[in-house]
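Peer 1: Make a model of this:
(chains A and B)
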Amino acid sequence: MTHRCRDTRRWRAGAATSHLLVGVCLLGTVLWGANAGVAAGSGKGTLTVAMDVAFTGPTAIDGIAEAAGCYPAVRVINQSGGVLGHKIACSVVDTRGDPSDAIPATQKMLATTSTLVGVLGPESGTATAVVPLITKAHLPMISQDGLSLFDHTTNRYFWRNYPADDVGGVALAYWAHHEGLNRAALFFDNSVAAQSSVPGLLRTYKHLGGKVLLNLKVSPDSTSYGSEVHKVLQSKAQVVFTETDPQTDATALKNLIEQGNLIPIYGTNATVIPTWLRDVTKAIGKADMSKYYRGVEPYAPTYPATKIFNKALLASAKQVATTKTWIGQEYATTPFDGVIMLALAMTEAHTTNPAVFNKDILSVTAPGKGKKVVYSYAAGVKALKSGKKIQYIGASGPTLFNKWHNAFGEFGVYRYVNGNLKLAGVISAAQLTKAESGAG
Amino acid sequence: MQTLALYAGFGLVTASILCIGAIGFTMQFGISNLFNLAFGATMTAAAYMTYLCNAAGLDIWVALLLGSVGGAVLSYIVNRGLYSPFRRRTPSLFAMIMVTLGVGLIIQYGIEAIWGATDLSYTMSTGRSLHLAGMVLTTVQAIVIAIAVGAAVTVHSLLRYTRVGKAMRAVAVNERLARNCGIPVRLVVDGAWLLSGALAGVAGVVLVMDVQVLNSNSGSDFFILIVAAAVLGGIGSPYGAMLGSLVIGLVAEVSAGFLNPEFKDVTSFVILVVVLLLRPTGVIGSVASAKEVAR
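Peer 2: Numbering: from 1, shown residues only, chains lettered A, B, ... in the order given. Sure, this is the predicted structure:
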């Protein structure tokens, strides 16, 4: 009997705890809801921009690049008084570049961060899995992913201020043709990110009269690519188009040298990153790197905002690894601009509610008659407060979103000489469009 | 035919790295009956130790020796400090596998926490290209093959012709019986872990020397092939590991050359599955099967 009584008491205590928990949850939900729609200028709480990309694992470089953009941006914003009285901060959501890790990490972020106002990311490897989750939460995402899948998206919360990978493929084909290299072999790894460059490359190269002799899709990080490289040499290709992780290309190009011949190597923007350049240079040597390598990536000359970015970046050395390597780099300037756009959109809409200010991202970046062109967050806020409409031209240049929320401009072609990237040429957006359509 | 020889040459290099690792891995299993999933992380740790020595100005070959010593010491400590106490408390094979998985992740993420998610490489020259019987190898690759042959011969001689080797074989077949016969089982197990750890270290370092890039995933990425080679040959059998490595390495490269390179690893694993269907204990599954008999 005593035993039963004790059990009953325990059940009652359990029921009371459950009721209390439900109550707390409801209260939390109400408070969260209130916070999500926090009125302008309430001056309470720090707003959060989540970097929803890989910070560990094989594509951890994505996270370092996002951090190199996000931390300088929040520094600039907070130094200019924050957003509508709120401070703003970056938070890390490590996806490891893998959907199976990205989904729980993103769900946790959405469930536990009530002050979220936007997301930087996701990246190519996780975008298809993560975009629906962020969309459901009505959060704007400023992505630098390369998937052509989002070229014509109608998702109103998805914004991409970096060209899709297939545009990079188009640029590669255009430049090889421009240099008179019309027989090519492709050496791409089998990742989603790398393969998304291939269709645009194949289509454009064919349009321009080029011939693809070999299209190799390799598993990354093997101990040898001797057999694959032998095939490339046998095909008598004049140029190798490539996109793999640094280790794979370092091994493969070392194998190419061992078999006696290097040929021009043209890489997508995934090769114009410090780790790839360093690893491959180590494998093939500075002289051959300078002679044979060309890489393409979105090109932006130095704008007034680029100087603001560079200064804030150098001041963010504590949060950003290998700080100096990101100076003026598009991989870092585009997330930097992304955070500034979010902040300006909030200022224009007079709210930190993401579902409301999302549409203002287009408004603060698009050109227009009577709009004041601004190059900094502080200038943007000042103009908006005086009742003017603005066009923000950021560290990566003008961000001209099309109707599918995609923005891209010129491409630069780079050489790598003595540890420095040197501009070898510029491909305009018009040339890219013509080349892809076969009119180039 | 010349093309086949060329591809076989590339496969031989992969097989050699596999062989060094697979012998170490299979010895650990043979002696301790432990499927050590932290083996790949031990390879990585040894490769980082070598990097430190190399970056401090030591020649890569001297640094390799120190890396192998580091691998041996790490393996010894992990076995003595973690696996043995766990095994005494939890004899369950599954629980032990989870413990080794945990140890592997601790080492891997520990390395990443210290060095960051960045690639490193050794300061070394790969030497000139050698043309041997239709194969094209660098001097370093030729040395790696020689190291693998040396490791195989040493392990064979140790097991076959020395008292320690006989003791190891006895412990591998039946630990309790070996102890009753007066064999100092603990010492023999320690020796086996030191040796296999040293082999893990050498495998990790020559892997990085070959691919030119070192990061916290280096050993773990390669580990699955080591397991495949060990299982194909017959888990627990050093000779099986040698044979398995040769098959996996050659098949991967030759298939990449003549078929679609995307199926490089697929072909190797198809062969592994077919062999295991026909011979569940692997090609030379003596120790594993002997253990079953002993039970």
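Peer 1: The residue nearest the centre of chain B: which element?
Peer 2: For chain B, the residue nearest the mean C-alpha position is B:Gly21 (1.4 Å; Cα atoms, centre = their mean). Following DSSP states H and E, one finds B:Gly21 within helix B:2-32.
Peer 1: Is any residue of that helix near chain A?
Peer 2: Yes - for helix B:2-32, a contact with chain A is found by Cβ under 8 Å from any Cβ of the partner chain, at B:3, B:6-7, B:9-11, B:13-14, B:17. In this view, the C-beta of every residue, glycine as well, is placed from N, C-alpha and C.
Peer 1: Run through the strands of chain B in chain order.
Peer 2: B:129-132, B:135-138 (DSSP state E).
Peer 1: In its sheet, which strands sit next to the first one, and in what direction?
Peer 2: Right, strand B:129-132. According to DSSP bridges, strand B:129-132 forms sheet pairs with strand B:135-138 (antiparallel).
Peer 1: May I have the partner strand exported as CSV, CA atoms only?
Peer 2: Coordinates of each C-alpha in strand B:135-138 appear next as CSV, following Å, rounded to 0.1, in the frame of the first residue of the first chain:
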residue,chain,number,x,y,z
MET,B,135,56.5,1.6,-64.6
VAL,B,136,57.0,5.3,-63.8
LEU,B,137,57.9,5.9,-60.2
THR,B,138,59.5,8.7,-58.3
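Peer 1: average pLDDT across that strand?
Peer 2: Mean pLDDT, computed over strand B:135-138, is 86.
Peer 1: Tabulate the strands of chain B (JSON lines), appending mean neighbour count.
Peer 2: Shown next, in JSON lines, are these (neighbours: other Cβ atoms under 10 Å in any protein chain shown):
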{"stretch": "strand B:129-132", "mean neighbour count": "12"}
{"stretch": "strand B:135-138", "mean neighbour count": "21"}
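Peer 1: Please list only the buried members of the residues of helix B:2-32 next to chain A.
Peer 2: B:6-7, B:9-11, B:13-14, B:17 (16 or more other Cβ atoms under 10 Å in any protein chain shown).
Peer 1: that older thread, dump the residues of helix B:2-32 next to chain A into CSV; add pLDDT as well.
Peer 2: What follows is the residues of helix B:2-32 next to chain A, written out as CSV (pLDDT from 0 to 100):
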residue, pLDDT
B:Thr3, 81
B:Leu6, 86
B:Tyr7, 88
B:Gly9, 88
B:Phe10, 89
B:Gly11, 91
B:Val13, 93
B:Thr14, 92
B:Ile17, 95
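Peer 1: Mind picking the one among the residues you listed that's closest to chain A?
Peer 2: Closest to chain A out of those is B:Phe10 (3.2 Å), distances taken as Cβ to the nearest Cβ.
Peer 1: what's that closest one in contact with, if anything?
Peer 2: Neighbour list for B:Phe10: A:224, A:226-227, A:255, B:135, B:253, B:257 [criterion: Cβ atoms under 8 Å, 6 or more residues apart in numbering or on different chains].
Peer 1: same thing with A:Gln107?
Peer 2: Per Cβ under 8 Å, 6+ apart, neighbours of A:Gln107: A:Leu133.
Peer 1: For it, what is the enclosing helix or strand?
Peer 2: Per DSSP H and E: helix A:99-112 holds A:Gln107.
Peer 1: Neighbours of A:Val93, how many?
Peer 2: Neighbours of A:Val93 under the rule other Cβ atoms under 10 Å in any protein chain shown: 23.
Peer 1: wait, isn't it in contact with A:Pro104?
Peer 2: No - judged on Cβ atoms under 8 Å, A:Val93 makes no contact with A:Pro104 at a distance of 10.3 Å.
Peer 1: can you pull the pLDDT of residue 40?
Peer 2: No chain specified, so I'll use chain A. 38.
Peer 1: My question was about chain B, not that one.
Peer 2: pLDDT, B:Gly40: 96.
Peer 1: pretty sure it contacts B:Ile226?
Peer 2: Yes - using Cβ under 8 Å, B:Gly40 is in contact with B:Ile226, at 7.3 Å.
Peer 1: need the helices for the stretch 151-295 of chain B, in chain order.
Peer 2: Secondary structure of the stretch 151-295 of chain B (DSSP state H, counting those that start in this stretch): helices located at B:163-173, B:175-180, B:185-211, B:218-233, B:238-258, B:264-278, B:286-294.
Peer 1: Which of those sits closest to A:Ala407?
Peer 2: helix B:218-233 (36.0 Å; Cβ to Cβ).
Peer 1: Run the angle between that closest one and helix B:264-278 for me.
Peer 2: Put simply, helix B:218-233 runs at 30 degrees to helix B:264-278, going by axes from the mean of the first three to the mean of the last three Cα atoms, to 10 degrees.
Peer 1: Tell me what angle helix B:218-233 forms with helix B:185-211.
Peer 2: Using the same axes, to 10 degrees: helix B:218-233 against helix B:185-211 is 120 degrees.
Peer 1: Could you list every helix and strand in contact with helix B:218-233?
Peer 2: Secondary-structure packing of helix B:218-233 (3 or more Cβ pairs under 8 Å, 6 or more residues apart in numbering or on different chains; DSSP states H and E): helix B:2-32, helix B:39-55, helix B:185-211, helix B:238-258, helix B:264-278.
Peer 1: swap the cut-off to 10 Å and go again
Peer 2: If contacts are counted by 3 or more Cβ pairs under 10 Å, 6 or more residues apart in numbering or on different chains; DSSP states H and E, helix B:218-233 sits against helix B:2-32, helix B:39-55, helix B:93-115, helix B:185-211, helix B:238-258, helix B:264-278.
Peer 1: and A:Pro398, how many residues sit next to it?
Peer 2: 17.
Peer 1: do the same with the one 3 residues further on
Peer 2: For A:Phe401, the count of nearby residues is 17 (other Cβ under 10 Å).
Peer 1: Kindly report the same for A:Leu256.
Peer 2: Every residue meeting other Cβ under 10 Å relative to A:Leu256 is counted, giving 27.
Peer 1: Name the SS class of it, please.
Peer 2: helix (DSSP: H, G, I helix; E, B strand; the rest coil).
Peer 1: ok, and the closest non-adjacent residue to it?
Peer 2: A:Val229 (4.9 Å; Cβ to Cβ, 6 or more residues apart in numbering or on different chains).
Peer 1: ok so that neighbour is a strand residue?
Peer 2: No - read with three-state DSSP, A:Val229 is helix and lies in no strand.
Peer 1: What residues does the stretch 101-250 of chain A have near chain B?
Peer 2: Neighbours of chain B within the stretch 101-250 of chain A, by Cβ under 10 Å from any Cβ of the partner chain: A:187, A:189-190, A:216-231, A:234, A:245-250.
Peer 1: Could you turn the buried ones of those into a PyMOL selection?
Peer 2: Remark: buried members of those, expressed as a PyMOL selection using 16+ other Cβ under 10 Å:
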select buried, chain A and resi 187+189+216+217+218+219+220+221+222+223+224+225+226+227+228+229+230+231+245+246+247+248+249+250
